[in-house]
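S.K.: let's see this in three dimensions:
(one chain, ligands or ions: 1)
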Amino acid sequence: MQFADRLQNVETSAIRELFKLLGKPGIISFAGGFPDPALFDVEGMHSAAAAALAGDAGGALQYGATEGYGPMREAAAALLRGKGAAVAADQLIVTTGSQQALDLLGKAMISPGDRVIVEAPTFLATIQCFKLYGAQLINAPIDADGVDVDRLERLMLEHRPKLVYLIPTFGNPSGAMLSLERRRRILELAVRTGTLVVEDDPYGELYFDAPPPPSLLALADAVPGARDWLAHCGSMSKILSPGLRVGFLVAPPALLAKATMCKQFSDACTSTFAQATAASYLASGRLGPALARVRATYAERAGAMTTALRRELGDAIEFTAPRGGMFVWARLTGGRNANDFAQRAIERLVAFVPGAPFFARDPDVSTLRLSFATVDRARIEEGIARMRSAL
Ligand SMILES: Cc1ncc(COP(=O)(O)O)c(C=O)c1O
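M.R.: Take a look at the predicted model:
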């Protein structure tokens, strides 16, 4: 069979291959990227689904507007306003997970050969999705404070990219948190160079001790013109449930209209029942307490992991302790290769993801990503001890 030429740009992720090995009995896995299902507010979702059917059942079970189910658009806008961003319901569309928002942005913006700047490392599915549309991806380096803005500026001036894709808050896989000063500079750069900046923010609510700086979206109103050059992707996945597949996209009107048109051809609308359930849940007042449990649990697990890594692996590994999110991003010292380490670790029944696939190009093969989200303290300690034996 002759497949489309565009498939030549992409391949199934290396991570999927690794995941096939994770079924081994007794394995401790830091390899996943899922939230902990034990933290899902099942009772709250049960009530929310019942409320969705008790109210406008016809609306909740019918096809809906491509832009989104009214109450969910309102709820998403209210969520953003609660975090300081002045967003009205008609300035966003509901998407089937934020991953669809990224796909719609790719479809609407990227022509073959267009340059797109991404962080090195960045979210694997974005790399694949943008490559599918023919993007030529360019790496922007990061440090503990997120993307290096001096380097980003030089890259933007040199390459004139179609867009810049960033995960400013507790990135996947980097865990990094972009500083307030850098956030402001990025917005100014977007305006000065006339470049679309895409802020992907599924993890911002998962902070440990203190809230992160405001999102680019929340800061944009203080930078004249910035809202014209900013798209923001949000998601219910890490705060409520990824199985709902409810996310949203805020974008300037012309781009939002194109994304909506592309969505019409794609899935017509995001599940109205899922949207109605999510909207009822958000109206129920249960999100705050549920998020408090998630933050406390992930904070404890992140602390357990970073302490154990320092104790067990010492100088063999470098990392910055995350201040939120689900991941520790680390680098092996002494020229060690994380692929080889991952193979030895699996033999000792502990798994993590080597970092190379998270680089759009020029991978750093000494890096790795560890997720602490689904593993309790005792198993984190046991897993990291097993990693030491695999060094
Ligand atoms: C950075 C980032 N963006 C987007 C997504 C997609 O999330 P969803 O489609 O479930 O909203 C993920 C999921 O892991 C992610 O890590």
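
S.K.: in space, what's closest to R388 - neighbours in sequence excluded?
M.R.: Among residues not flanking R388 along the chain, E312 sits closest, at 4.1 Å (C-beta to C-beta, 6 or more residues apart in numbering). Every C-beta, even on glycine, is put in place using the N, C-alpha and C of the backbone.

S.K.: what helix or strand is that neighbour located in?
M.R.: helix 287-313 (DSSP states H and E).

S.K.: kindly report the same for E153.
M.R.: helix 149-159.

S.K.: tell me how far that helix lies from the chain's centre.
M.R.: Centroid displacement of helix 149-159 relative to its chain, using C-alpha atoms, centre = their mean, to the nearest Å, is 23 Å.

S.K.: what do you get for stretch 93-110?
M.R.: With C-alpha atoms, centre = their mean, you get 13 Å for stretch 93-110.

S.K.: low-confidence regions, this structure specifically.
M.R.: Counting by pLDDT under 70, the chain has low-confidence residues at 13-18.

S.K.: what parts of this structure come near the ligand?
M.R.: Selection of the chain residues close to the ligand by C-beta under 6 Å from any ligand atom yields 33, 97-99, 123, 167, 172, 200, 202, 235, 237, 242, 247.

S.K.: mind running it again at 8 Å?
M.R.: 33, 96-102, 122-123, 125-126, 167, 171-172, 200, 202-203, 233, 235-238, 242, 245-247 (C-beta under 8 Å from any ligand atom).

S.K.: in strands, which of those residues fall?
M.R.: D200, C233, S235, G247 (DSSP state E).

S.K.: identify the residues contacting the third one.
M.R.: Going back to what we said before, that points to S235. G97, S98, D201, P202, V246, G247, F248 (C-beta atoms under 8 Å, 6 or more residues apart in numbering).

S.K.: ok, the last one touching T95?
M.R.: Yes: counting by C-beta atoms under 8 Å, a contact exists between F248 and T95, whose distance comes to 6.0 Å.

S.K.: all helices for the stretch 51-200 of the chain, in order.
M.R.: With DSSP state H, counting those that start in this stretch as the criterion, the stretch 51-200 of the chain has helices at 57-61, 70-82, 97-109, 124-132, 149-159, 180-193.

S.K.: check the stretch 201-350 of the chain too.
M.R.: With DSSP H, counting those that start in this stretch as the criterion, the stretch 201-350 of the chain has helices at 216-220, 253-266, 272-283, 287-313, 338-347.

S.K.: please save the CA atoms from the second one in PDB.
M.R.: It stands for helix 253-266. Below are the C-alpha coordinates for helix 253-266, written out as PDB (Å, rounded to 0.1, in the frame of the first residue of the first chain):
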ATOM      1  CA  PRO A 253     -10.000  35.500  16.500                       C
ATOM      2  CA  ALA A 254      -8.700  34.800  13.000                       C
ATOM      3  CA  LEU A 255      -6.600  31.800  14.200                       C
ATOM      4  CA  LEU A 256      -9.500  30.500  16.300                       C
ATOM      5  CA  ALA A 257     -11.800  30.600  13.300                       C
ATOM      6  CA  LYS A 258      -9.300  28.600  11.200                       C
ATOM      7  CA  ALA A 259      -8.800  26.000  14.000                       C
ATOM      8  CA  THR A 260     -12.600  25.700  14.300                       C
ATOM      9  CA  MET A 261     -12.900  25.100  10.600                       C
ATOM     10  CA  CYS A 262     -10.300  22.400  10.800                       C
ATOM     11  CA  LYS A 263     -12.100  20.800  13.700                       C
ATOM     12  CA  GLN A 264     -15.300  20.600  11.700                       C
ATOM     13  CA  PHE A 265     -13.500  18.300   9.300                       C
ATOM     14  CA  SER A 266     -11.900  16.300  12.100                       C
END
